[in-house]
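**Student:** What follows is a predicted structure for the sequence shown.
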Amino acid sequence: MSEMETKIAHSVHELFGHECVVNLSRPEAAFGDYSTNIAMQLAKPLQQPPREIAEKLAEKLRTSDMFSDVSVAGPGFINLRVTAKSLADQLDADWSEKYGENSDGAGKTVVVEYPSPNMAKPYSTGHLRPGNQGWAAKRLMEVTGWNVITDNHLGDYGAPFGTWVVGFLRHSSNEQLEASGVYELGRIYIVMKAELKAEKENGDTALADEVQSWLLKLENNDEQAISYSQRFNSISLEHIHEMMTRLQISTDYEYGEAFFAPIGKQTVQKLCTDGIALQNDDGSIIVPLDDQGIKTPLLVQKSNGAALYATTDLATILFREETWQPDKVIYAVGAEQQFYFQQLAGLAKKLGLKTELFHLWFGVIDQLNEDGGREKMSSRTGVVLIEELLDKAELEARKLVGVKDISDEDVGIIALGAVKFSDFVADRRTNILFDWTTIFALSGFSGPYIQYAAVRIAKIIADAGEMSVEKDEYDYESEKAILLKLTEYPEVIARAARDIEPHKVATYLYELARGMNRYYETIRILDGDDAVAKSARIELLRKVHQVFVHALSILGIRVPSRM
Ligand code: ARG
């Protein structure tokens, strides 16, 4: 409870001899700064009309200098106005370098899995959201006290490998591979996909069989197959790392599907012995999940004995349990895999695991086509490559800041800020529209708008230089809206972390930035001779700046040194 909430709870205790927990909420500004329905909650236990309880409580609260106005409304709401000074004092009391953070997750471990791209193709915009949302999840868990382990669950197993080898032998060469690396692999993959599709339509299987034979060779540790696999994977992995570095995301571990496939197959055998998994007539193996309320069983092994996506995930769950004993595992994966992750959670329960498997799902990124309609970003021309997107973002960032001499690093920070922030402008479950004008709009709900607000504050603080702090004499009435916003921050983090909803942090940042702009309209911070006012305001600006930097860091965004 905040100081105010504690104060109200104390008053209830003094008046009625009753213990309670008070949660203040924020009503519309016209009603007050805070409001509480505690009188309604107490009506039953105290056997008194709520309005009467509210009147008595309000009278008592009016005697405290914490509140400048206390009124009772409707059936028994209590609306409160606080003095700006008491808000400033509360903020001072709560302040630290980690302001906003809490220790809800103390003693608990979470594994956060992102961005988990597939090896077969160049990193596409399809893996932008898993990276952004996954990183925000990691940060939200960190700032709420969890022990956080991050893992990049690479899609490095299965069909792509066979497709690559056959495609390489038929359509490529060492020279081409050396020259174009992962793009050559991507090209081969697309060509092969088309050929395989055509073959299937003709009812042939020669090419598909060849792909399978290479997969089998790899499973049997054939030397040539291993050498191809290592070569292709290292090209692909190097590219993935390069892209992650550009996106400024990283993970502690990188256990890919290939690592888990053999363990998964052994586990499936064990599950069969234990009667948890069942073999079908065609040889395939399933785990029935009806006892978990899920009608469709999970297929954990193909009829030909090959491991599946689910086989590797089965092994992954058990490996994590053994290695880290996590209380929670967060998977940053798109909405299309929702049912699969429900099955996976059912499987984990069935195996007796206590770990909560949390599917952090999100919608797709849409873009506008020529006709003005929405379409999935990666649908039209195949894939939109991440590096092309980031290159363009850097050009846009340059345009935005104009000819001013700004370092490449700052331009990169602004570009990335714009791209990443767009991921958080709405609830993650909705599809988002990627639009170059909106994401760079200096006057809208955008990364650069927030970054600019932070840069502007830093500039004022720098211009102020060293100032002695005499803020005790200051009443903060002009700063009240900002103070109210700052005292809200810890609750924003707590709420955002509960269901991993980083857009709540983004919305908060926007409101804070807007609040600051309104403030500048009324107050010339460094003008005038009032030294007390100046020093108090600069002190407050330092706090606002810290919150900007902190909240942006949750979204994986940095503040440029100028813009
Ligand atoms: N590689 C997969 C994809 O790109 C995502 C992996 C998700 N993680 C998992 N444990 N299944 O769709």
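**Tutor:** Right, received. Where do you want to start? Numbers count the residues shown, from 1 in each chain.
**Student:** Determine the number of other residues adjacent to Glu28.
**Tutor:** By other Cβ atoms under 10 Å, 8 other residues sit near Glu28. From N, CA and C alone the C-beta is placed, and that goes for glycine too.
**Student:** Likewise for Arg51?
**Tutor:** 17.
**Student:** OK, contacts around it?
**Tutor:** Ala39, Val72, Pro75, Gly76 (Cβ atoms under 8 Å, 6 or more residues apart in numbering).
**Student:** again, 6 Å this time
**Tutor:** Gly76 (Cβ atoms under 6 Å, 6 or more residues apart in numbering).
**Student:** mind checking how far it is from Ala88?
**Tutor:** Arg51 is 33 Å from Ala88, where distance means Cβ to Cβ, to the nearest Å.
**Student:** ditto for Arg26
**Tutor:** 18 Å.
**Student:** Next: Asp472.
**Tutor:** Counting by Cβ to Cβ - Asp472 and Ala88 are separated by 10 Å.
**Student:** pretty sure Leu177 is touching Tyr183, no?
**Tutor:** No. Using Cβ atoms under 6 Å, Leu177 is not in contact with Tyr183, being 9.9 Å away.
**Student:** Ramachandran coordinates for Gln367?
**Tutor:** Reported as degrees, to the nearest 10, the phi and psi values for Gln367 are phi -130, psi 170.
**Student:** Check what pLDDT the closest residue to it other than its chain neighbours gets.
**Tutor:** If you skip the residues right next to it in sequence, Gln367 has Met377 as its closest partner in space, 4.6 Å away by Cβ to Cβ, 6 or more residues apart in numbering. Met377 carries a pLDDT score of 78 in this model.
**Student:** which element is Arg495 on?
**Tutor:** helix 480-498 (DSSP states H and E).
**Student:** And the pLDDT for Phe232?
**Tutor:** For Phe232, the predicted pLDDT is 93.
**Student:** and stretch 346-364, does that touch the ligand?
**Tutor:** No. Taking Cβ under 6 Å from any ligand atom as the criterion, stretch 346-364 and the ligand are apart, separated by no less than 9.5 Å.
**Student:** Repeat that for stretch 384-397.
**Tutor:** No. Taking Cβ under 6 Å from any ligand atom as the criterion, stretch 384-397 and the ligand are apart, separated by no less than 13.6 Å.
**Student:** Check which residues of that stretch are buried.
**Tutor:** For stretch 384-397, burial by neighbour count (16 or more other Cβ atoms under 10 Å) applies to Val384, Leu385, Ile386, Leu389, Leu390, Ala393, Glu394, Glu396, Ala397.
**Student:** Then stretch 212-226?
**Tutor:** Of the residues in stretch 212-226, those buried (16+ other Cβ under 10 Å) are Gln212, Trp214, Leu215, Lys217, Leu218, Ala225.
**Student:** Report all helices and strands that the helix or strand in which Gly346 is found contacts.
**Tutor:** For Gly346, the enclosing helix or strand under DSSP H and E is helix 338-350. Judged by 3 or more Cβ pairs under 6 Å, 6 or more residues apart in numbering; DSSP states H and E, helix 338-350 is in contact with strand 356-360.
**Student:** List the buried residues of the strand it packs on.
**Tutor:** Applying 16+ other Cβ under 10 Å to strand 356-360 flags Leu357, Phe358, His359, Leu360 as buried.
**Student:** what about the closest residue to the last one other than its chain neighbours, neighbour count?
**Tutor:** I take that to be Leu360. The shortest distance from Leu360 to any residue other than its chain neighbours is 4.7 Å, reached at Ala332 (Cβ to Cβ, 6+ apart). Ala332 has 28 neighbouring residues, counting by other Cβ under 10 Å.
**Student:** Show me the beta-bridge partners of the residue in the chain positioned nearest to the ligand.
**Tutor:** Of all residues in the chain, Gly155 sits closest to the ligand, at 3.3 Å by Cβ to the nearest ligand atom. Judged by DSSP bridges, the bridge partners of Gly155 are Asn118.
**Student:** returning to what we had before: for Asp472 and Ala88, indicate the residue with more neighbours.
**Tutor:** Taking neighbours as other Cβ under 10 Å, Asp472 and Ala88 compare with Ala88 leading, 24 against 11.
**Student:** what about that one, is that helix, strand or coil?
**Tutor:** helix (DSSP: H, G, I helix; E, B strand; the rest coil).
**Student:** Would you mind measuring from it to Ile525?
**Tutor:** 16 Å.
**Student:** Now do the helices in the stretch 301-450 of the chain.
**Tutor:** Ranges of helices in the stretch 301-450 of the chain, per DSSP state H, counting those that start in this stretch, are 309-324, 338-350, 386-401, 408-421, 436-439, 447-464.
**Student:** number of nearby residues for Arg514?
**Tutor:** 15.
**Student:** Give me the mean pLDDT for the helix ranked longest in the chain.
**Tutor:** For the chain, the longest helix by residue count, based on DSSP state H, is helix 174-202. Average pLDDT, helix 174-202: 94.
**Student:** distance between the very next helix or strand once past it and the chain's centre?
**Tutor:** Once the chain leaves helix 174-202, the next helix or strand it forms, by DSSP H and E, is helix 206-219. In terms of Cα atoms, centre = their mean, to the nearest Å, the gap separating the centre of helix 206-219 from the centre of its chain is 39 Å.
**Student:** So what touches helix 206-219?
**Tutor:** Gly162, Thr163, Val165, Val166, Leu196, Glu199, Ala225, Ser229.
**Student:** what comes up buried for the host helix or strand of the first one?
**Tutor:** I take that to be Gly162. In this assignment (DSSP H and E), Gly162 forms part of helix 159-171. Using 16+ other Cβ under 10 Å as the test for burial, helix 159-171 gives Ala159, Pro160, Phe161, Gly162, Thr163, Trp164, Val165, Val166, Gly167, Phe168.
**Student:** which among these gets closest to Lys480?
**Tutor:** Closest approach to Lys480 among the buried residues of helix 159-171 (Cβ to Cβ): Pro160, at 58.7 Å.
**Student:** Now Leu140, what are its backbone angles?
**Tutor:** Torsion angles, degrees, to the nearest 10, at Leu140: phi -60, psi -40.
**Student:** List the residues that contact it.
**Tutor:** Ala496, Ala497.
**Student:** How many neighbouring residues does the nearest residue to His550 once chain neighbours are set aside have?
**Tutor:** Of all residues not flanking His550 in the chain, Gly100 sits nearest, at 6.0 Å (Cβ to Cβ, 6+ apart). Using other Cβ under 10 Å, Gly100 has 23 other residues around it.
**Student:** cool, the one 4 residues further on as well?
**Tutor:** The tally of other residues near Asp104 (other Cβ under 10 Å) stands at 15.
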